[in-house]
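> With the input below, show me the fold.
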Amino acid sequence: MRALRTTLLLLICSLMLISCADVRAWERGYLAREEMAWDPDALESSLNDHIFFSKEASSGGNSAAGGGCGCN
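Next up is the predicted model:
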(Lines give C-alpha, C1' and ligand atoms only; values in the text may rest on other atoms or scores of the structure.)
Protein backbone atom coordinates (compact mmCIF):
# COMPACT_ATOMS: atom_id res chain seq x y z
CA MET A 1 0.00 0.00 0.00
CA ARG A 2 2.84 2.39 0.82
CA ALA A 3 4.54 1.66 -2.51
CA LEU A 4 1.29 2.44 -4.31
CA ARG A 5 0.97 5.79 -2.52
CA THR A 6 4.57 6.67 -3.31
CA THR A 7 4.15 5.76 -6.96
CA LEU A 8 0.93 7.74 -7.18
CA LEU A 9 2.55 10.77 -5.55
CA LEU A 10 5.50 10.62 -7.96
CA LEU A 11 3.13 10.30 -10.89
CA ILE A 12 1.12 13.33 -9.80
CA CYS A 13 4.28 15.40 -9.24
CA SER A 14 5.66 14.47 -12.65
CA LEU A 15 2.35 15.37 -14.33
CA MET A 16 2.37 18.75 -12.60
CA LEU A 17 5.86 19.45 -13.91
CA ILE A 18 4.94 18.42 -17.44
CA SER A 19 1.91 20.74 -17.47
CA CYS A 20 4.05 23.88 -16.99
CA ALA A 21 4.01 26.03 -20.10
CA ASP A 22 6.63 28.45 -21.33
CA VAL A 23 5.59 32.02 -22.01
CA ARG A 24 6.76 33.07 -25.44
CA ALA A 25 8.34 36.46 -26.07
CA TRP A 26 5.35 37.80 -28.00
CA GLU A 27 2.98 36.71 -25.19
CA ARG A 28 4.83 38.60 -22.46
CA GLY A 29 3.66 41.96 -23.74
CA TYR A 30 0.03 40.83 -23.51
CA LEU A 31 0.48 39.46 -19.99
CA ALA A 32 2.18 42.67 -18.82
CA ARG A 33 -0.83 44.85 -19.67
CA GLU A 34 -2.44 46.75 -16.81
CA GLU A 35 -5.78 44.95 -17.00
CA MET A 36 -4.05 41.59 -16.55
CA ALA A 37 -2.84 42.52 -13.04
CA TRP A 38 -4.52 41.05 -9.95
CA ASP A 39 -4.93 44.52 -8.45
CA PRO A 40 -4.63 47.19 -11.14
CA ASP A 41 -5.27 49.93 -8.57
CA ALA A 42 -3.79 49.07 -5.16
CA LEU A 43 -5.37 52.06 -3.39
CA GLU A 44 -8.87 51.23 -4.60
CA SER A 45 -8.38 47.59 -3.69
CA SER A 46 -7.32 48.41 -0.13
CA LEU A 47 -10.25 50.82 0.24
CA ASN A 48 -12.70 48.15 -0.95
CA ASP A 49 -11.18 45.64 1.48
CA HIS A 50 -11.56 48.11 4.35
CA ILE A 51 -15.19 48.78 3.48
CA PHE A 52 -15.92 45.07 3.16
CA PHE A 53 -14.40 44.18 6.52
CA SER A 54 -16.11 47.13 8.21
CA LYS A 55 -19.54 46.16 6.85
CA GLU A 56 -19.16 42.47 7.56
CA ALA A 57 -18.06 43.06 11.18
CA SER A 58 -15.16 40.74 10.61
CA SER A 59 -11.45 40.98 11.05
CA GLY A 60 -8.56 39.00 9.67
CA GLY A 61 -8.09 37.44 6.29
CA ASN A 62 -6.55 40.60 4.97
CA SER A 63 -4.69 41.67 8.13
CA ALA A 64 -7.46 44.13 9.00
CA ALA A 65 -8.20 44.97 12.61
CA GLY A 66 -11.23 46.43 14.25
CA GLY A 67 -14.91 45.76 14.47
CA GLY A 68 -18.00 46.37 12.41
CA CYS A 69 -18.28 50.03 13.35
CA GLY A 70 -15.45 50.98 10.97
CA CYS A 71 -13.23 52.46 13.67
CA ASN A 72 -9.83 50.88 14.12
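> what about residue 32, distance to residue 38?
Using CB to CB, to the nearest Å, residue 32 is found at 13 Å from residue 38. (Glycine included, C-beta is placed from N, CA and C.)
> who's more crowded, the two?
residue 32 (9 against 6; other CB atoms under 10 Å).
> where does that one sit relative to residue 48, distance-wise?
Taken as CB to CB, the span from residue 32 to residue 48 is 24 Å.
> any idea of the pLDDT on residue 54?
Looking at residue 54, its pLDDT stands at 76.
> again, but for residue 7
For residue 7, the predicted pLDDT is 94.
> what's the answer for residue 13, then?
In this prediction, residue 13 has a pLDDT value of 89.
> Name the residues contacting each of residue 32 and residue 38.
Jointly contacting residue 32 and residue 38 under the rule CB atoms under 8 Å, 6 or more residues apart in numbering is no residue at all.
> Which helix or which strand is home to the spatially most central residue of the chain?
Geometric centre of the chain, nearest residue: residue 38, 8.0 Å, by CA atoms, centre = their mean. Under the criterion of DSSP states H and E, residue 38 resides outside all helices and strands.
> With residue 5 as the reference, measure out to it.
Taken as CB to CB, the span from residue 38 to residue 5 is 35 Å.
> sec struct for residue 8, please.
Look at residue 8: counting by DSSP: H, G, I helix; E, B strand; the rest coil, its state is helix.
> To what extent is it buried, counted in neighbours?
Using other CB under 10 Å, residue 8 has 10 neighbouring residues.
> got a list of what it touches?
Counted by CB under 8 Å, 6+ apart, residue 8 has zero contacts.
> Check the gap between it and residue 20 for me.
Residue 8 is 20 Å from residue 20, by CB to CB.
> do residue 3 as well
Distance from residue 3 to residue 20, by CB to CB: 27 Å.
> ditto for residue 40
From residue 40 over to residue 20 (counting by CB to CB), the distance is 26 Å.
> Who has more neighbours out of the two?
Higher neighbour count among residue 40 and residue 20: residue 40, with 11 against 6, using other CB under 10 Å.
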